[in-house]
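Asks: Sequence and predicted structure below; questions after.
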Amino acid sequence: MPKNKIQFQKGLSLPKFLNSYGTEKQCEKVLYTMRWPQGLVCPDCGGAHHYELKTRKLYQCSACKRQISLISGTIFEATKLQLTTWFLAIYLITQSKDGISSLNLARTLGVSANAALRMKQKLQHVMKLCDDSQALSKFVQIDDAYLGGKRKGGKRGRGAEGKTPFVAAIMTNDKGHPISMRFSVVAGFHKNDISNWAKKHLCPGTSVVSDGLNCFPAVKDAGCDHHAIIKGGGTTSMEYSEFKWVDTMIGNVKNSIHGSYHAISEKHVPRYLAEFCFRFNRRFELGKMIKQLAQAAVNTLPMPQRLLKQAEDWW
């Protein structure tokens, strides 16, 4: 049986990564090019000439002396960590198939557990914004899923205490191969919830297939076609080819979360789901994922600690 070319691709090795991002100067040059691809222009006087200060990551306009920070206005704003630490975190998060916990990230980077958690959540925030801006299209399999809750005792299934409901959606191409996925936390599985989700995450004209849950026809409010298949219960419900990929990815993500993390705060579940989606959606070229996340981070507004501690928006 031939090897899966995507699963067994080389990606970017650690030595090659360090060769490109191993020094602070290299990382600063990468960020500079990402932020100002046409060159830095002074926002005050429009001057195109500047020089770099030696003591701080600042550029000063030669004409009006306006100082411009390399990281201000980005997700890196106000960080006390070196850019090499940030880029290594980006490398570890993007190249890990099952994710890396903040505690493991802290030990690997040599930073405090709190600093690692802030870094991880900020990068997860970037990932979520990046994917949420791209709606799914073509053919989409959707299903209801839950994360968390009591593992022993208590109510099981829908409505169980402590469970976080989320919509699992997989976009496939004409040949039925999975292209991208979107796992989105919702308030519940009601028609209004699914209607709002579909309007944001599905393109009009998308062909959607779901089980018989009565909330899913609400995707029609977003101009999508809908086809329901009654799966029934038990192990036979996993044998429908129409739901092969959505069932597979729900299982993979849950297993990865249980294996990599001891606990996830319920209010931050959207960020963790977004992390898995970001990696899956860019799995075809692992090496490019580092630049893609770094570019998205440069284009993302700062996320101060007071906002970072709040729950991520569901939609």
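Replies: In hand now; what should we look at?
Asks: Name the residues that touch the helix or strand where Ile90 lies?
Replies: Assessed by DSSP states H and E, Ile90 sits inside helix 83-95. Outside helix 83-95, the residues that touch it by CB atoms under 8 Å, 6 or more residues apart in numbering are 11-12, 14, 17, 21-24, 27-28, 30-31, 71, 76, 79, 99-100, 105, 108-109, 111, 116, 119-120, 123, 275, 278-279, 286, 289-290, 293-294, 297. C-betas here are computed from N, CA, C, even on glycine.
Asks: what's the answer for stretch 29-47, then?
Replies: Contacts of stretch 29-47 (CB under 8 Å, 6+ apart): 20-21, 48, 50, 59, 61-64, 66, 68, 70-71, 74, 76, 83, 87, 291, 294-295, 298.
Asks: Got a quick PyMOL command for the buried subset of these?
Replies: With 16 or more other CB atoms under 10 Å as the criterion, this PyMOL line picks the buried residues out of the contacts of stretch 29-47:
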select buried, resi 21+50+59+61+68+70+71+74+76+83+87+291+294+295+298
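Asks: And Asp144, how close does it get to Asn196?
Replies: To Asn196, Asp144 is 15 Å away according to CB to CB, to the nearest Å.
Asks: Phi first, then psi, for the closest residue to Lys120 other than its chain neighbours.
Replies: Among residues not flanking Lys120 along the chain, Ser102 sits closest, at 4.8 Å (CB to CB, 6 or more residues apart in numbering). Main-chain torsions, Ser102, degrees, to the nearest 10: phi -70, psi -30.
Asks: where do the helices sit along this protein?
Replies: 14-21, 24-35, 83-95, 102-109, 113-132, 191-201, 244-260, 269-281, 289-298, 305-308 (DSSP state H).
Asks: Does anything pack onto the first one? Which helices or strands?
Replies: Using 3 or more CB pairs under 8 Å, 6 or more residues apart in numbering; DSSP states H and E as the contact criterion, the secondary-structure elements in contact with helix 14-21 are helix 24-35, helix 83-95.
Asks: Share the number of residues neighbouring the residue nearest to Asp211 when sequence neighbours are not counted, please.
Replies: Sequence neighbours aside, Lys231 is the residue nearest to Asp211 in space, at 4.8 Å (criterion: CB to CB, 6+ apart). Residue neighbour count, defined by other CB atoms under 10 Å, stands at 19 for Lys231.
Asks: List the contacts of Lys231.
Replies: Lys231 neighbours (CB under 8 Å, 6+ apart): Asp211, Gly212, Ser237, Tyr240, Phe243.
Asks: Let me have those in JSON lines, adding neighbour count as columns.
Replies: Shown next, in JSON lines, are these (neighbours: other CB atoms under 10 Å):
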{"residue": "Asp211", "neighbour count": "19"}
{"residue": "Gly212", "neighbour count": "11"}
{"residue": "Ser237", "neighbour count": "13"}
{"residue": "Tyr240", "neighbour count": "16"}
{"residue": "Phe243", "neighbour count": "22"}
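Asks: Flag the least confident of the residues you listed.
Replies: Within these, pLDDT reaches its minimum at Ser237, with 53.
Asks: excluding its backbone neighbours, what's nearest the residue located most distally from the centre of the chain?
Replies: Within the chain, Ala63 marks the point farthest from the mean C-alpha position, 41.0 Å out by CA atoms, centre = their mean. Of all residues not flanking Ala63 in the chain, Gly47 sits nearest, at 4.0 Å (CB to CB, 6+ apart).
Asks: how much space is there between the one you found and Arg66?
Replies: Distance from Gly47 to Arg66, by CB to CB: 8 Å.
Asks: Now the common contact residues for these two.
Replies: Overlap between the contact sets of Gly47 and Arg66, as judged by CB under 8 Å, 6+ apart, is nil.
Asks: Distance of the nearest residue to Asn214 once chain neighbours are set aside relative to Lys16?
Replies: Spatial nearest neighbour of Asn214, excluding adjacent residues (CB to CB, 6+ apart): Lys191 at 7.6 Å. Distance check for Lys191 against Lys16: by CB to CB, it reads 50 Å.
Asks: Likewise for Arg107?
Replies: 23 Å.
Asks: Over to Ala187?
Replies: Taking CB to CB, one finds Ala187 at 44 Å from Lys16.
Asks: what's the closest of the helices of the chain to Ile6?
Replies: helix 269-281 (10.5 Å; CB to CB).
Asks: tell me what the closest one is packed against?
Replies: helix 83-95, helix 113-132, strand 139-148, strand 163-172, strand 178-185, helix 244-260.
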